[in-house]
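Student: What shape does this take:
(chains A and B, ligands or ions: 1)
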Amino acid sequence: MSERIYIFKRFERFWHWSQAVLIITMLVTGFEVHGSYSLFGFEDAVSYHTIAAWMLVSLWVFAIFWHFTTGEWKQYIPTLEKVNAMVKYYATGIFTHAPHPFKQTTLRKHNPLQRLAYLFVLLVINPLIWFSGWLYLFYDVWPDYGLADLPLEWVAVAHVIGAFMMLIFFIVHVYLATAGHTWTSHIKAMITGWEEVE
Amino acid sequence: MKTSKSVIAALLSTSLFLAGLAGAAEQPATTAETDKTVVAKSKRETSTADHSKYEELQKQFKQGQEVTEACIDCHTEAAKQIHKTKHWTWEYTNPKTGQKLGKKNVINNFCTATKTNMTFCAACHIGYGFEDDSFDFASEKNVDCLACHDTTGTYKKYPGLSGHPAYEPYEWPAKSGKFKPAVDLQKVAQNVGKTSRRTCGACHFFGGGGNAVKHGDLDKSLENPSRYLDIHMDKDGLDFTCSTCHSDGKHDVAGSRYHTQASDNKGPLLRGQKDDRNPATCQACHGDTPHEEDERLNTHARKLACQTCHIPEYARSPQLTKMSWDWSTAGKMGEDGKPMKIKASSGMIAYDTKKGDFTYDRYVIPEYKWFNGEVLYTLFGDKVNPDEVVKINDFRGEPNDPGARIWPFKIFRGKQPIDAEKRSLAVFHTAGDDDTAFWQNFDWDKALTTGMKAMGTEYSGKLSFVSTEMSWPITHMVAPKEDALSCAQCHNKNGRMQGIDGIYMPGTDNTPLLDKLFYIIALLALVGVVIHGAIRLINDRKEAE
Ligand code: HEM
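Tutor: Numbering: from 1, shown residues only, chains lettered A, B, ... in the order given. Coordinates of the predicted model:
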């Protein structure tokens, strides 16, 4: 028996997928800029990364605005309730189709583990990438802001650490997208807005 | 990106040109071609004096000095100005280090030292008769005006004449049976004019004993260079002469390799501006933020000399430049017991009994290092360590030195004699007709005895050879901007700035430990989810059965 509930609004879906494209772009071009491989060529990789950075920044500004005006930011308030149950579920229950310990509703879209993971992204990974990326972007004018002596290496290393964390998040996130009621129910939900739940 | 831009530009200009053709019929014939000749002509005609009309110059001059006397009759201050320059004194005291440099004092790793060889070396002195220390540096008539101001191309000074041109037909090279014609001083004197790439180049293109040998960024092809070879001297373009940049207006030459300016953080010099700045830096014309389209490039100039990107390779003419000279092998005779020369496949001399082994190269990627303006020479008498590579000149600098920039250099490597007991670079007698000249008898002891004596000391009798390096900052043969280095030529694992301290360069795989750590974590995550997924899949299958 399953029912369908409306989880992701139009803006959220747009936000999610455009962010996905941009972050993949940033990963691909970023690690080329870093020197991990050669794909577009350094110069073009820098251009694409810079363009994508501006797009991502604009998108985030919209998203933050949207979250606060709609009150959706509350979705990310962390809770430790049922975290243990969630861990247990992913470790064992999921293999036997045991009942999901978390009941998804329009008001509580994310399970407690998701909440923690996204909060980590929002509070650690993103600020790290943002802040360092922003500084990196304005390297040319550092002396005008008294930053002439800031070693570029520090900024770059912070950015690279952020980038690697994003990469790892990305791997796990893509996999967990298959861990819904069915293999594809989460993914369909992010496309249509409607999630199949138990 | 760049190529597509230039294709568009080419298409645009072609269509503009075609459009122009349509209207051209009615227009007077002022094509680009005639404009160019007008410019060239007018350049010659800027002078208000025609020296061929001067009475003072209507005579048969027997000697160079007679011409000079005629010159300084009118140009009363010229010789006095020359007297102050290192072109004349062959001596230069570095104001920062106090070291006494100049051709008179420096020992290099090419022909090494001028001291006992002045009849030969003086072919590139702007004077007459600089044979030895007895030369009268206060004499005005000894100044050679024609070496720099000849416009006929017939005034030549050959080695062996102590700075005089050939007044009689002169056998050169020695014993070759070939005779160079005597100079027509009257003709030369009547056709004097401004200095040119050819007059400066007569010495500076041939340093080290032949075309292109020494600098790597200066050779005879700069007499008539293409745009590709030198954007500033391009004969069909800007057509700069050497003095366009290097003149101080008082017969001295701005810019110096003995005391090179490493950076210049000022805007362009304006006409008439009272400033004792060096007018020969790039910034003296271009300012210090010349890249209008891309601020990032101006930012690069905080760390890099302009030359580093804009002279991507030297010896691009494509004349080969000499890269090394090993004196330690000199003196070997051929099978016939006579001095020999062996040619390399390039046609260049690879071995010469007189000089030892040589190597050459062209389109050479420079070596890069930090340079802060301080140049320190290893001079005669300075203690050297025979087990280490001796730096003939050390262009010094660290990443954080004020004004330091990363510069391109030609590093000329060699092996040359030292007095092993005195632990000093040795001076030896090479050229000359006497019995002790190395090129007469190939006897190191004799050549060293004479050379060291001339330096006011005695040869200990202990000869050994030491490896040396001499740095030549690369600053000429500036390429057109489309040929400047592209980002990835440095921002690359194998990029050009490898080994340069004090810079963080994206694109060079520069955080290997951090990368490894995260690769492992990422891999674990990947393996984890794959296993997790696999188990789910298997269970699903089982259930379905
Ligand atoms: C998912 C997001 C992102 C990822 C995965 C990412 C990844 C990377 C990586 C790996 C590098 C190479 C760093 C180095 O080796 O020095 C890099 C460079 C850079 N990133 Fe990001 N980045 C992201 C977002 C951003 C954002 C949001 C900005 C700006 C606000 C930004 C600006 C830059 C800049 C300016 C560079 C240096 C490019 C250059 O060399 O000029 N990045 N990025």
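Student: what about the helices in chain A?
Tutor: A:10-34, A:42-70, A:83-91, A:112-120, A:126-137, A:152-176, A:185-192 (DSSP state H).
Student: Which strands and helices lie in contact with the third one?
Tutor: So that's helix A:83-91. Contacts defined by 3 or more CB pairs under 8 Å, 6 or more residues apart in numbering or on different chains; DSSP states H and E place helix A:83-91 against helix A:112-120. C-beta coordinates here come from the backbone N, C-alpha and C atoms, glycine included.
Student: helices and strands around the helix it packs on, which ones?
Tutor: Using 3+ CB pairs under 8 Å, 6+ apart, helix A:112-120 sits against helix A:83-91, helix A:152-176.
Student: If you average pLDDT over each of those helices, which is lowest?
Tutor: Between those, the one with the least mean pLDDT is helix A:83-91; it has a mean of 84.
Student: Using CSV, write out the CA atom coordinates for it.
Tutor: What follows is helix A:83-91, C-alpha atoms only, in CSV (Å, rounded to 0.1, in the frame of the first residue of the first chain):
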residue,chain,number,x,y,z
VAL,A,83,18.6,9.6,14.7
ASN,A,84,19.6,6.3,16.2
ALA,A,85,16.6,4.6,14.6
MET,A,86,17.6,6.1,11.2
VAL,A,87,21.2,4.9,11.5
LYS,A,88,19.9,1.4,12.4
TYR,A,89,17.5,1.5,9.5
TYR,A,90,20.2,2.3,7.0
ALA,A,91,22.5,-0.3,8.5
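Student: hmm, who's touching that helix?
Tutor: Here helix A:83-91 makes contact (CB atoms under 8 Å, 6 or more residues apart in numbering or on different chains) with A:98, A:100, A:101, A:102, A:111, A:112, A:113, A:116, A:179, B:532.
Student: Chain neighbours aside, what residue packs nearest to the first one?
Tutor: Right, residue A:98. Distance criterion CB to CB, 6 or more residues apart in numbering or on different chains; nearest residue to residue A:98, sequence neighbours excluded, is residue A:89 at 6.8 Å.
Student: quick one, strands of the stretch 101-250 of chain B?
Tutor: All strands of the stretch 101-250 of chain B, identified by DSSP state E, counting those that start in this stretch, fall at B:170-171, B:179-180.
Student: where does chain A have low pLDDT?
Tutor: Chain A contains residues with pLDDT under 70 at A:1-2, A:107, A:198.
Student: Get me the contact residues on chain B for the ligand.
Tutor: Contact residues (CB under 6 Å from any ligand atom) of chain B with the ligand: residue B:506.
Student: Chain A contacts on chain B?
Tutor: By CB under 8 Å from any CB of the partner chain, the residues of chain B that approach chain A are B:1, B:295-296, B:298-299, B:486-488, B:491-493, B:504, B:506-511, B:514-515, B:518, B:521-522, B:525-526, B:529, B:532-533, B:535-536, B:539, B:543.
Student: taking these one by one, which sit in strands?
Tutor: Here DSSP state E is the test, and the residues of chain B next to chain A give no hits in strands at all.
Student: ok, the spatially most central residue of chain A to residue A:28 distance?
Tutor: Ranked by distance to the mean C-alpha position of chain A (CA atoms, centre = their mean), the top residue is residue A:121 at 6.1 Å. Separation of residue A:121 from residue A:28 (CB to CB, to the nearest Å): 19 Å.
Student: Which positions in chain A make contact with the ligand?
Tutor: A:23, A:26-27, A:30-31, A:33-34, A:46, A:49-50, A:53, A:56-57, A:129-130, A:133-134, A:136-137, A:156, A:159-160, A:163, A:166.
Student: can you rerun that using 8 Å?
Tutor: Neighbours of the ligand within chain A, by CB under 8 Å from any ligand atom: A:22-23, A:26-27, A:29-31, A:33-36, A:46, A:49-50, A:52-54, A:56-57, A:129-130, A:132-134, A:136-137, A:139, A:152, A:156-157, A:159-160, A:162-164, A:166-167.
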